[in-house]
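S.K.: pasting a predicted model and its sequence here:
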Amino acid sequence: MKRIWWLLGSLALAVLAACSGNGATSGFNPEATVFMRDNVFDRDLYVVDVGTTVTFINEGRNIHNASDSGGAWSTLDSFGSLVMGPGDSTEITFTEPGEYLFICTFHSANGVGMAATLVVEESGVPAPIQAATPKPGQPSADFSGTTRRVPADYPTIQSAIDAAGPGDLILIAPGTYREEVAVTTENLVIRGEDRNSTIIDGEGVRSNGILITADGVAVENLTVINPVGNGVFWTGVTGFRGSYLTTIYAGNYGIYAFDSSDGLIEYSLGTGAPDSGFYVGQCDPCNTIVTNVISEYNGMGYSGTNASTEMYLINSIWRHNGAGLVPNTLDGEELAPFHDVTIVGNLIHDNSRTDVPFKNATWPSFGNGIILAGGNTSLIERNRIVNHLGNGIVISPNLDKKFWFSSGNIVRDNVIEGSGRADLALAGLADAGNCFEGNTHSTSLPVGLELSQPCDGLRLPVLYELMGTLEPLGRVAQNGTESRPDAPIGSTPLPAPQDQMPGGADAPVRPAVDVFASYPLDLQSLTVPDLPDGVTITQQKGITVFGLSLAMGAWSIFFGLWAYLMPFMLFAALLALGLWDLTKSDERSKGATIGWILVQLLIPFVGVLAYFLFGSSLPRWKRYSIALGGLGSYLVLLGVGALVGGIV
């Protein structure tokens, strides 16, 4: 039976995958094409001849660009913008020989991070790839004893950082600093004297608030507002810490760690970002803890692509976002699939907001408390999850260039209430080993999920429901229409003043070294959070038919009907026609007639198709029209829906 569902699901998903494939790569010379991914270029070195036109294509989900570090060229579009959105491409023709170090200005600082080299030469003989410069060993974690004050000693944060040595404290007085800060010196501590009034303002024109490409850097007790890209961003580092930070109205992520490990994000708030307030991606092992944070009014509270092993999301509040926590697997980043993420002791409520900003990639997760999308062996335990239009907790596959299953995940001892679709859901196609036990809940899809998929004892063969996978595909289609909610960045509420870091300016100076090993992690002490004052359980409204929520919009209903319910209607029609054909024919024996009846009844879908292809006495053209016409019409309609809806 699982094989039959896999066949039918693969046929439907193949149409979507064909429509969603990036067609921008066709027709381009791969040797003269630079693919931008999240957050790397596809190669470290490109070698082309003089006169070559190089095509730059953004294959990622985030904004990117390419800019020569010496200022000789950049990927300006026809409007003079350095921003290349997902799917955008541009061309540059190189007429002079030279060697160029180029970067993405959103994800690199001083040639570190998202950077590569382009060699343009006369001969066409490939230049040798230079050996990477060994990264220096990490200095001592001790404070150097030097404090550099802004603006008392240095007029800008950047000038203080440029003058600093490892272990220095950059102490920033209250004020608004209209600059973008790049950090390439290890083991700095960057601290605001007042969390709420030490403000770095990107003004909607600068890429990041603080971009860090050095190991061991801690950022504390300040606010970042209005960056085009990210609030506080570590990339390619070992050792990072963000404490008592506030990020507001970031154009991408609030607090963001990419390709980085040994980290701690604590006592921080992220609000108003179209992707997520907090993001950790492409690390294995991550050795990272996100704790005591608040994420609100974002597209997603947390997103973590391909972040695995010793990755902890604990003791935090995720509220009023489009979706709650979304660990996920995607092909655009390395280290797929994600696995071994621990989500314990969180309060997750009312994450079904449509009046928050969304990106295309965040809208499909709308209305869910926790989604494990295409990942394995993760733990969801002792969380309180209330008031979601979709599911409280859902384990699902994820479709990107590949189809990623979920397996071996544990959902245990959570309290889930007020879900519009289901408190617990296992969406197919799913691999084995996902289990559910001890959860306080009222509804599940499939029905009786804890009985059929317990964590101890006998489990039924893999059981899941398909609507939980197909309904979000409708929201993928909706991305191409004007009906999708998309509040402008800056329209969500400003946060109230946040708690200061204990000790403030006089707190001990601790660079981010051995962060994970030194953190007193105690999961057993975490209990299900209480429901705070002012939050009431409100059963989310919406009619659900066979797992299809009619409150999720027209495109979700379309994909739900055509990708799930309509095949059953098609099967019923073909079965009735097949049985009628058998009773009208006198050309076969009773044994053959009974055999074909059993084939059609006992092998759903495939048996009926097999009968019309090989067993019916009807003329060949009519048999093939019946067998393939219905299936073809189903796939064509699904494909037309994908194209019209914008899955391209």
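M.R.: In hand now; what should we look at?
S.K.: pull the number of nearby residues for Ala218.
M.R.: A count of nearby residues for Ala218, using other Cβ atoms under 10 Å, gives 23. From N, CA and C alone the C-beta is placed, and that goes for glycine too.
S.K.: helices and strands of the chain: which one bottoms out on pLDDT?
M.R.: Sorting the helices and strands of the chain by mean pLDDT, DSSP states H and E puts helix 2-20 at the bottom, at a mean of 44.
S.K.: now do the following helix or strand past that one: which elements does it pack against?
M.R.: Downstream of helix 2-20, the first helix or strand assigned by DSSP states H and E is strand 33-37. Here strand 33-37 touches strand 53-58, strand 112-121, going by 3 or more Cβ pairs under 8 Å, 6 or more residues apart in numbering; DSSP states H and E.
S.K.: now what about strand 33-37, what contacts it?
M.R.: Contact with strand 33-37 is made by 25, 41-43, 46, 54-60, 64-66, 84, 104, 114, 116, 118, 332-333, as judged by Cβ atoms under 8 Å, 6 or more residues apart in numbering.
S.K.: buried ones among these?
M.R.: 41, 46, 54-60, 64-66, 84, 104, 114, 116, 118, 332-333 (16 or more other Cβ atoms under 10 Å).
S.K.: double-check Asn306 against Asp340; I have them as touching.
M.R.: No - in this structure Asn306 lies outside contact range of Asp340 using Cβ atoms under 8 Å: 11.9 Å.
S.K.: looking at those two, which has the bigger crowd around it?
M.R.: A count of neighbours by other Cβ under 10 Å puts Asn306 above the other of Asn306 and Asp340, at 27 against 19.
S.K.: quick one: residues contacting that one.
M.R.: Counting by Cβ under 8 Å, 6+ apart, the residues that Asn306 touches are Gly281, Gln282, Cys283, Asp284, Thr329, Leu330, Glu333, Glu334, Leu335, Ala336, Pro337, Phe338.
S.K.: narrow those residues to those in strands?
M.R.: Gly281 (DSSP state E).
S.K.: of the contacts of Asn306, buried ones?
M.R.: Buried among the contacts of Asn306 by 16+ other Cβ under 10 Å: Gly281, Gln282, Cys283, Asp284, Thr329, Leu330, Glu333, Leu335, Ala336, Pro337, Phe338.
S.K.: tell me which of those residues has the lowest pLDDT.
M.R.: Lowest pLDDT within the buried ones among the contacts of Asn306 is found at Glu333 (87).
S.K.: quick one, phi/psi of that one?
M.R.: The phi/psi pair for Glu333 (degrees, to the nearest 10) reads phi -120, psi 160.
S.K.: and it, how far is that from Asp284?
M.R.: According to Cβ to Cβ, to the nearest Å, Glu333 stands 11 Å off from Asp284.
S.K.: kindly report the same for Leu82.
M.R.: Distance of Leu82 to Asp284, given as Cβ to Cβ: 32 Å.
S.K.: can you check Ile597 too?
M.R.: For Ile597, the distance to Asp284 equals 53 Å [Cβ to Cβ].
S.K.: so Pro604: helix, strand or coil?
M.R.: What DSSP: H, G, I helix; E, B strand; the rest coil gives for Pro604 is coil.
S.K.: low-confidence stretches in the stretch 1-150 of the chain?
M.R.: Along the stretch 1-150 of the chain, the parts satisfying pLDDT under 70 run over 1-30, 76-81, 109-112, 123-139.
S.K.: am I right that Leu582 is in a helix?
M.R.: Yes - per three-state DSSP, Leu582 lies within a helix segment.
S.K.: test my guess that it contacts Ala592.
M.R.: No - contact criterion Cβ under 8 Å: Leu582 and Ala592 do not qualify, at 9.2 Å.
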